[in-house]
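K.L.:
Build the 3D model from these lines:
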Amino acid sequence: MGIIMLRTISAKTLHPTQDQLLSSANRKGIKNRKRSYLSRRNLIEEKNTNLEQPKVNYSNRHLNLLNIRARTQGTTPLPNFSPPLFVNIEQSKQVFSKATWNRMNLITPLLMSFQARGIGNFVRHSGAGNFNTAVHALLQANRVLLCTGFNVAENMPETDGPLGTALLAYACFRADKYVVLVADQHNARLVRTQLSVLDAACLKNVVIEEVRASSQAPSGLWENVLDRHQPDAVVHTEVPGRNKDGKYLNMRGIEISDFNAALDSIADLANARGLNTISVGDGGNEAGMGNIKGIPKALNGEEMQAVIPAAHQVIAWNSNLGAIAMGEFIMSAAGKGPSCDEKQFAKLLEALFLKGAVDGVTRGKNIDEKVENSASPGHYGFTCVDGARSAVHLGNLLQVQDIAHNVPLIFPANTSKKNTL
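P.N.:
This is a model prediction of the structure:
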């Protein structure tokens, strides 16, 4: 399949209106909904598919009252957002064998193994899913939409996000799922390079929607993306999420709205449609990390926490790792083996820097370069992903692959397919 190129023009930023908010009633567990899908040919040619939209009710009364108060006091209103699916973790657990569920649980300590940024204090709200339920949702999905891209400064995409997204896209492709990627031009370039290293056939079959690196988007752009691709699951890996003031901030507290696409709007619209939304984040300022307690403020004291939530929230010390871990379990369930070996992984890391990515912590451009922390003299980071040297990330990959592949596991069948996993 060819690559779809979608470039945007400057327009008003999307904020869902009250009539787009979906009632949380009758949301139980992880659901598969029967959908009438377009053919692959029509997905490319059809630009304005008219889907019957669900009836929605405004269910966030408290947020509405805050917005009314903000308008009367002359302050910035909080952005409206839609509540995600309620996830019953115990219900999800019942469809796995005990051994497989326990094996999946081994991933969480690895995801939480580095807590310098405070992720150990993060607490999901009741009804939010975790890594295990996210894997379950992806196993059940036939069509997956992946979003990535966090530009820490103008024309400076970071290495965290594109690598994990590429490996997750590759896993979904190998598991015979329809895969579409949405990213700005900088991060789309990074993911294309990653996919070309992994598998040229995968690159040809993954649909890439390339958008402008700006929070200003044409009216209806994100709805159009969802309408044409009709995903069962939507995954955001290391994507900026707007805070309570509607701004996008990096971990330093600097506003980055002018050079990051408002991809968290896709998560919000997917929530409104009752889709499984999955967020992978490491700091709390990422799309889908709304409603989490314990997220710290930015380094300059600004409130950076994202407000738009996701149904399944995967917290990891670097977001690549969370996406990679999901991908390895998808590969395991499909009987495909590990996604890549050590040499390929090294090439993937090198390719990020060759295409202009920077380490989001050190801002370095040379892999494994030692860089002193300007905010903390005497403390150093290593340029690769989130200040940790490449050997650390390779070690994490091998640990994940050992957990996912080296013990026979039994996965739940995808009941929406004739052939089961």
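K.L.:
ok, the residue nearest to N300 when sequence neighbours are not counted - contacts?
P.N.:
Counting by C-beta to C-beta, 6 or more residues apart in numbering, N300 lies nearest to G253, which is 3.5 Å off, once chain neighbours are set aside. (Glycine included, C-beta is placed from N, CA and C.) G253 makes contact with 297-302, 304, according to C-beta atoms under 8 Å, 6 or more residues apart in numbering.
K.L.:
buried subset of those residues?
P.N.:
Neighbour counting by 16 or more other C-beta atoms under 10 Å classes 298, 302, 304 among the contacts of G253 as buried.
K.L.:
per-residue confidence at the residue nearest to I410 when sequence neighbours are not counted?
P.N.:
Nearest residue to I410 in three dimensions, chain neighbours excluded: S97, at 4.7 Å (C-beta to C-beta, 6+ apart). At S97, the predicted lDDT confidence score is 95.
K.L.:
before we move on, back to that, which of the buried ones among the contacts of G253 sits closest to L110?
P.N.:
M304 (25.2 Å; C-beta to C-beta).
K.L.:
I figured the closest one was touching G284, is that so?
P.N.:
Yes - assessed by C-beta atoms under 8 Å, M304 is found in contact with G284 at 7.0 Å.
K.L.:
quick one: pLDDT of the residue lying closest to E154 once chain neighbours are set aside?
P.N.:
Spatial nearest neighbour of E154, chain neighbours left out: F259 (4.4 Å); criterion: C-beta to C-beta, 6+ apart. Listed pLDDT for F259 reads 95.
K.L.:
what number of residues lie near F259?
P.N.:
21 (other C-beta atoms under 10 Å).
K.L.:
list the contacts for it?
P.N.:
Contacts of F259 (C-beta under 8 Å, 6+ apart): 151, 153-155, 213-214.
K.L.:
Buried subset of these, written for ChimeraX?
P.N.:
Restricted to buried positions by 16+ other C-beta under 10 Å, the ChimeraX selection for the contacts of F259 reads:
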select :151,213,214
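K.L.:
Take the contacts of F259 and write them to JSON lines, including pLDDT.
P.N.:
As requested, the contacts of F259 are arranged in JSON lines below (pLDDT from 0 to 100):
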{"residue": "N151", "pLDDT": "97"}
{"residue": "A153", "pLDDT": "92"}
{"residue": "E154", "pLDDT": "93"}
{"residue": "N155", "pLDDT": "93"}
{"residue": "A213", "pLDDT": "94"}
{"residue": "S214", "pLDDT": "91"}
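K.L.:
Now list whatever residues contact both of M304 and G284.
P.N.:
Among the neighbours of M304, those also in contact with G284 (C-beta under 8 Å, 6+ apart) are I295.
K.L.:
those helices in the stretch 101-250 of the chain, which residues are they?
P.N.:
107-111, 131-140, 162-174, 185-198, 200-205, 221-229 (DSSP state H, counting those that start in this stretch).
K.L.:
what's around Q344, how many residues?
P.N.:
15.
K.L.:
From N318, how far out is it?
P.N.:
Distance, Q344 to N318, by C-beta to C-beta, to the nearest Å: 19 Å.
K.L.:
Quick one: low-confidence residue ranges for the protein.
P.N.:
For the chain, the stretches with pLDDT under 70 are 1-79, 375, 415-421.
K.L.:
show me where it has strands.
P.N.:
143-148, 151-153, 156-157, 178-184, 207-211, 233-237, 276-281, 312-315, 370-372, 380-382 (DSSP state E).
K.L.:
export these to JSON lines and tack on distance to V197?
P.N.:
As requested, those are exported to JSON lines (distance: least, C-beta to C-beta, whole Å):
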{"stretch": "strand 143-148", "distance to V197": "16"}
{"stretch": "strand 151-153", "distance to V197": "22"}
{"stretch": "strand 156-157", "distance to V197": "17"}
{"stretch": "strand 178-184", "distance to V197": "15"}
{"stretch": "strand 207-211", "distance to V197": "16"}
{"stretch": "strand 233-237", "distance to V197": "18"}
{"stretch": "strand 276-281", "distance to V197": "21"}
{"stretch": "strand 312-315", "distance to V197": "24"}
{"stretch": "strand 370-372", "distance to V197": "26"}
{"stretch": "strand 380-382", "distance to V197": "22"}
